[in-house]
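J.: mind looking at a prediction? Sequence and model below.
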Amino acid sequence: MCIIHELKADTQFHFLSEENVMHEVGYPGLSQHSAIHSQLLKTLDEMTVEIVKHKTSEFSMLDFLHNWLLNHIQHADAEMGAYVRSASTRPIGEKFYKHFLTYRD
């Protein structure tokens, strides 16, 4: 169960970081994107309860996350990424973390 809590904490940090970038560049879809993130976190909480109650397995959570991530990255993140790449205002992290950022079209 500890790994599920670590996964959630890492996911919350990632979402917060991503939402900060969207805020910095003035992404017009920030509130919708943030709502998608919030819904995932809520679903993870619900699934965690189901796992604790032995009503579902960790594997069902992994399957759900796999599908969710593929869809989210291919659609919502791709749209946001295109906006960030073309934005005139640059996120502050770009200056400090250049070696982590690779933009691919």
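T.: Sure, I can see it.

J.: which helices and strands does the helix or strand in which Phe64 is found pack with?
T.: Here Phe64, judged by DSSP states H and E, is contained in helix 58-72. Where contact means 3 or more C-beta pairs under 8 Å, 6 or more residues apart in numbering; DSSP states H and E, helix 58-72 is packed against helix 30-52. Heads up, the C-betas are built off the backbone N, CA and C, glycines and all.

J.: which other residues reach the very next helix or strand once past the helix holding Phe64?
T.: Going down the chain from helix 58-72, the next helix or strand is helix 78-86, by DSSP H and E. Under the criterion C-beta atoms under 8 Å, 6 or more residues apart in numbering, residues 18, 21-22, 25, 27-29, 33, 91, 103, 105 lie in contact with helix 78-86.

J.: how close does the most centrally placed residue in the chain get to Tyr27?
T.: A centroid search over the chain (C-alpha atoms, centre = their mean) returns Phe15, at 4.5 Å, as the residue closest to the centre. Phe15 sits 14 Å away from Tyr27, going by C-beta to C-beta, to the nearest Å.

J.: cool, Ala35 as well?
T.: Per C-beta to C-beta, Ala35 is found 13 Å from Tyr27.

J.: wait, the residue nearest to the centre of the chain sits on Ala35?
T.: No: in this structure, Phe15 is not within contact of Ala35 by C-beta atoms under 8 Å, at 11.2 Å.

J.: residue ranges in this protein under the pLDDT threshold?
T.: 1, 98-105 (pLDDT under 70).

J.: how does it look with 90?
T.: Scanning the chain for pLDDT under 90 picks out 1-4, 90-105.

J.: still on that earlier bit, CA-only coordinates of the helix holding Phe64 in CSV, if you can.
T.: Taking C-alpha atoms only, helix 58-72 is exported to CSV below (Å, rounded to 0.1, in the frame of the first residue of the first chain):
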residue,chain,number,x,y,z
GLU,A,58,-3.6,-3.3,-7.6
PHE,A,59,-3.5,-4.6,-11.1
SER,A,60,-6.8,-3.0,-12.0
MET,A,61,-5.3,0.3,-10.8
LEU,A,62,-2.2,-0.2,-13.0
ASP,A,63,-4.4,-1.0,-16.0
PHE,A,64,-6.5,2.1,-15.4
LEU,A,65,-3.5,4.3,-15.0
HIS,A,66,-1.8,2.9,-18.1
ASN,A,67,-4.9,3.7,-20.2
TRP,A,68,-5.5,7.1,-18.5
LEU,A,69,-1.9,8.2,-19.0
LEU,A,70,-1.8,7.2,-22.6
ASN,A,71,-5.0,9.1,-23.3
HIS,A,72,-4.0,12.2,-21.2
